[in-house]
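S.K.: From the sequence below, what's the structure:
(chains A, B and C)
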Amino acid sequence: MNDTGGMGDDVQLLTLDVNGTSYEVITPPRRTLVDVLRHDLRLTGTHVGCEHGICGACTVLVDGLPVRACLMFAAQAEGARISTVESLADPGSGELDDLQRAFTENHGLQCGFCTPGFLMLAQGFLAERPEATKEEIREVVAANLCRCTGYQTIVEAIDACATARRAQRAAGTEETSCN
Amino acid sequence: MKSTTQDRLVGRSVARREDPRLLTGNGRFVDDIELPGMLHAQFVRSTVAHGLITDIDLTHVRRVPGVVAAFTASDLGLGDITAQLDRPLSEFVPTAMPVLARDRVRYAGEPVAVVVARDPYAAEDGLEAAKVTYASLPPVTSEEQALAPGAALVHEEAAHNTLVDVSLFATEGIDGIFDKAPCVVHVETRTGRQNALPLETRGAVAQWDAREDQLVLHTCTQIPHQVRTVAARCLGLDERAVRVIVPDMGGGFGLKCVVGREEIAAAAAALRLRRPVKWIEDRKDALTASFLAREQHYTARAAFDADGRILGLDADVVCDMGAYSCYPFTAGIEPLMASAEMPGPYKVPAYRVRGRAVATNKAPTAPYRGVSRPQYVMVVERLMERAARELDLDPVEIRRRNVITAFPYTGVNNVTYDPGSYLESLNLCEQTLKEAGWYDQQAAAWAGGRHIGIGYSCFSERTGYGSAAFAARKMEVVPGFDLSEVRMDTSGAVTVTTGTMSHGQSHETTMAQIVADTLGVDIAKVKLHQGDTDRITYGWGTFASRSITVGGSAVRRAAAKLGDKLRAIAAAQWGVPPEGVELDRGRVRLRAEPEAELSYAHLAGIAHLKSHLLPKDIEPGLTATAAFDTDTDGTFSNATHGVVVELHQGTGQVEILAYVCVEDCGVAIHPQVVEGQCRGGIAQGIAGALFEQITYDAQGEPSATSFMDYKVPTAHEIPDVTIHHLETPCAFTETGAKGAGEGGTIGAPAAVLNAVNDALRATGTELDNTPVTPETVHRALTSPVLEQTP
Amino acid sequence: MKPAPFRYHRARDVEDATALLAELGDEAKVIAGGQSLVAMMNFRLARPAHLVDIGGLRELDHLGTDAGGGLRIGALTTHHTVETAPPQQLGAGFDIIRAAMAWIGHLPIRTRGTAGGSMAHGDATAEWCLLAVLLDAELVARSPRGQRRVPAREFFFGYYTTALDPDEILVEIVFPHPAPHAALTEFAERRGDFAVVSAAVSLEAEGRAVHGGRVALGGVAAMPVRVPEAEAVLAAGGSFRDCAEAAAAAVDPPGDANGSPHYRKHLIRTLVERACEEAMSR
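M.R.: Have a look, this model is predicted:
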């Protein structure tokens, strides 16, 4: 046994739906979602930066919306769909998705520690607001902390991804209407 | 070596090789390491800033469910961490930092005991059960208090709480120069204590490997070999018996280029328990109990002639270094940097400086990106602005009259500056802001009662220090050189080592670009190894913007040597002299007969698998090692930053409207990476200028225990930055590159502060301390001085 | 920064939740979105022995107008739900509420944090608390003993202290009257931080003529406060600037690391005037 509950804790059985897979975890209720994701499920792409909800390194999607996984007990996540950074790239080929590509093309990451949080923040936000302007993107990017980039290239990466998705959708619509 | 310009990778922003793993969650950071049977450490920390430990009772800790062990200093019996300078006691007082406090604590947050438990939750439960009693001593919480007569002593051996006191330069007759000068301006500046704040906190996983008879210490450090040295000393092991491995690192910025106490304690616990022990610093500890920086107090004056030419600079620098000297740099890091470099890009004919480091009951300091340069550049640039006002000169013009324009230039500080583009960067920066219409907008804003200001900072930055330059600082351990080994295997793939340690700077990409160009191999065939003391012979790590200048030069040399060996092997196969063949994209060609070629894989096969084909004078294998060092004074990067701010009357908020950076770091190996370093550095500089500060109350309690109090700026506060590159190649680095890692941070506080003061011009108030908070601006905007102004 | 141990209870419905609270007493704490509570637990500044999770009670997640033109918000409605609700769902005259959501933390906080959780937490700078005080909201609380409606002015007692009994949970917030000319604004040094000072106003106006209104402030006392002195200026047809001056003169704000009393008064002047102007532009 390592890095599971202290022996003084009650434990409970949780069923968590993470990246489309159902996991059963026996854990004390005080474990936060981010600790369970990282250390029980070994999905270490989600990072821990402050454990009080400010830095956003632990941002994941819960039912499609970005949330701080450090401000949630894993027990609260039962019954919800959780997505982490591990869900973005193609599971078979490992090929990066368009958001990840936009980050690398725009140099939106340096040390990479905050990156999964920004990716999931952007993923959740763009799904809801595909038409977001660059200024709206900047406001959302202000939710998380990055100490390396100065943010400009993160905003540019997300904006580039959103723009490309819109262009692709417009082309798709055109094609459909032409047919 | 044949490679057409378009083939060359150096100078091109190729895809970062670090990115795929970091973007997919496949990076491996210290906290991602999970070992069978691993335990978790946390530290009982002092609750008082200054006191004698009268009792430590861990009985109840050991009974907490899940707690496996708890150790005090006397349980572990470890050696101290002591950093030295080769200076007389009158200039430097060495002080020891115990791994765990023994009989005395010197700051709130100092580690007193280590608790090891089955999980991090139980470890924290254990901390709550610790009973430590202290006999409080009066805390020393400011530099003024530390130097006051009769002050309590943080270290008994350091009278007046002074750890460093140096007067490196004092031009003869300088007082006379000031007496006679037509213009003398003064500035007194205090800068806030900051945390470098890598988003990944410090951490370590220590494990005893019984088979190798070796401690394996995974830790996020910028200086793996120096951590090995200290760990071995403290634990009483040979250095061979310690292997430091650095996985992916979530930033460092200097905070991780000193040896911490906690990683040594975690290692000691792992040795004692013969089980892997992990320690991950939490954010509260990272803010209050790790290493801080930047709290300095300058009293400076400058003399100018009537045309605005500087005649002399006279400064007193006191740096509040907190409770301990850090290893390996010592408490001298900040005052020595400030003293040695303050004249910066200007032709200063006379210079006097006194630099001091004082001990206080605060968390100790480490070098932080820029080290003193953000502060002294601010001081010098404030002096320039004051003189410009006094002499009714344009602020850019006064700088134009003072910057060094003929190179090499040997300054009053005995430093020889290699060529740079000081004047060009100044002119281009001003031109950029002018062409963008900011001067016109400012005039209109002033007419309309808005407070818009334009500010500049112009600076040079010594990078690529060799051992000679570090030796001049009289460090006991003298960094400087770097080693590299380049190896080709029988598949033609290349493995490169470096003693530097990337933690965001993209060395896996940039070093590979250098190797790919030098050998003419596909960059995909090149893999960089760093951060493993068993894999890398020796290295000094990453700090002082040394990685590409020094480390990159060693890599370049080693790759070139390997190239020579490939040519020699090929030439021998054809029976021609090595000059008769050339490297060309993965093959060696016969010059006389360009169709005749041997692939690298084929040659590597000969070197390893058919070594009987090698000529007698060529050793089997395909490995080359090289060192790089320089006996120059280093190479000087330079930049000018220009900032436009608006001060909001209603709230006192400082809004940055525009930011221009014109920088010259010589040959940019990867322009996108250089720009990233600039932008990130500027963000940290702005953070220091406007937002971040840790203060201490009279009891020595730190003010910032969370991100609610320590205000790291977000994308909302940090502006987009326009960057222009100039390129003055360095003559002695192998690639022509100069350092690029710190300049952004160095230039930003001065430019922002100057812009704020420009916006305040009508009020008669000048602000010289950082951070400039909205309340400070509000006071300046509504001060009586303003009301008197018509 | 790991929380102390606790026992976790997932409530099946409101009755179950209040019964659990009645049984567990002072040692128990309700968790909804947890955006304040979990942070405090991670710092071990809060250490409840029991957590009663009401997050799954869908019946408390609703948003809509009532027959009288008022707005009813289920306690578990997230800030994000309010922020993104279609206009007809929020009803006419409640733009201030939607607009105020943008001031609450950041998107990933707003997706979890709830209206009821914010009220029950009772932070002196919280936007929901300020809105409730400004707009005379009624807070509907339920316990095994029944249900009661508490007017906002009687709900907030002081720093993190509310009128809720240990066995009570907040189930609904009712904003009885539309406020078509109302706005909330605030200042913090950094985007998303708790306000140093926040100001909210609701004006009574015909055309451009203002003949009365309400003014409330956050961050100046232990709880959000109405400022009758400033409201008197509005009633007398005074200017927004005079109203703001009166507000600044009337309160005695605290001083801390985020601002001295003097500075906070200055912010009050700025923010009340700004809120008035914004309110008029609606």
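
S.K.: going forward, measure contacts between C-alpha atoms and count neighbours the same way
M.R.: Noted.

S.K.: chain center to stretch C:175-192, what's the gap?
M.R.: 10 Å (CA atoms, centre = their mean, to the nearest Å).

S.K.: who's in contact with the stretch of helix or strand residue B:678 belongs to?
M.R.: Per DSSP states H and E: residue B:678 is located in helix B:671-686. By CA atoms under 8 Å, 6 or more residues apart in numbering or on different chains, the list of residues contacting helix B:671-686 from outside reads A:107, A:110, A:147-152, B:11-13, B:374, B:505-506, B:661, B:668, B:713, B:718, B:721, B:723, B:740-749, B:752.

S.K.: Just the CA trace of it, in CSV.
M.R.: Extracted C-alpha coordinates of helix B:671-686, given in CSV (Å, rounded to 0.1, in the frame of the first residue of the first chain):
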residue,chain,number,x,y,z
PRO,B,671,14.0,32.9,-32.3
GLN,B,672,10.7,31.8,-30.9
VAL,B,673,12.4,30.5,-27.8
VAL,B,674,14.3,33.8,-27.3
GLU,B,675,11.0,35.7,-27.6
GLY,B,676,9.4,33.3,-25.1
GLN,B,677,12.2,34.0,-22.7
CYS,B,678,11.8,37.8,-23.2
ARG,B,679,8.0,37.7,-22.7
GLY,B,680,8.2,35.5,-19.7
GLY,B,681,11.0,37.5,-18.2
ILE,B,682,9.1,40.7,-18.7
ALA,B,683,6.0,39.3,-17.0
GLN,B,684,8.1,38.5,-14.0
GLY,B,685,9.6,42.0,-14.1
ILE,B,686,6.2,43.5,-14.2
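
S.K.: right, is the very next helix or strand once past that helix up against chain A?
M.R.: Tracing the chain past helix B:671-686, the next element assigned as helix or strand by DSSP H and E is strand B:722-726. No: Strand B:722-726 is not in contact with chain A by CA under 8 Å from any CA of the partner chain; minimum separation 10.4 Å.

S.K.: I'd like the average pLDDT over the helix holding residue B:678.
M.R.: Helix B:671-686 carries an average pLDDT of 98.

S.K.: Surely residue B:169 and residue B:352 touch.
M.R.: Yes: counting by CA atoms under 8 Å, residue B:352 is a contact partner of residue B:169 at 5.0 Å.

S.K.: Between those two, point out the one with more neighbours.
M.R.: residue B:352 (21 against 17; other CA atoms under 10 Å in any protein chain shown).

S.K.: quick one: which of the contacts of helix B:671-686 sit in helices?
M.R.: A:152, B:374, B:743-749, B:752 (DSSP state H).

S.K.: if we take those residues, which one ends up nearest to residue C:192?
M.R.: Nearest to residue C:192 among the ones in helices among the contacts of helix B:671-686 is residue A:152, at 18.5 Å by CA to CA.

S.K.: what's the closest non-adjacent residue to the closest one?
M.R.: residue B:720 (5.6 Å; CA to CA, 6 or more residues apart in numbering or on different chains).

S.K.: does the one you found really touch residue A:149, like I thought?
M.R.: No: using CA under 8 Å, residue B:720 makes no contact with residue A:149, being 10.8 Å away.
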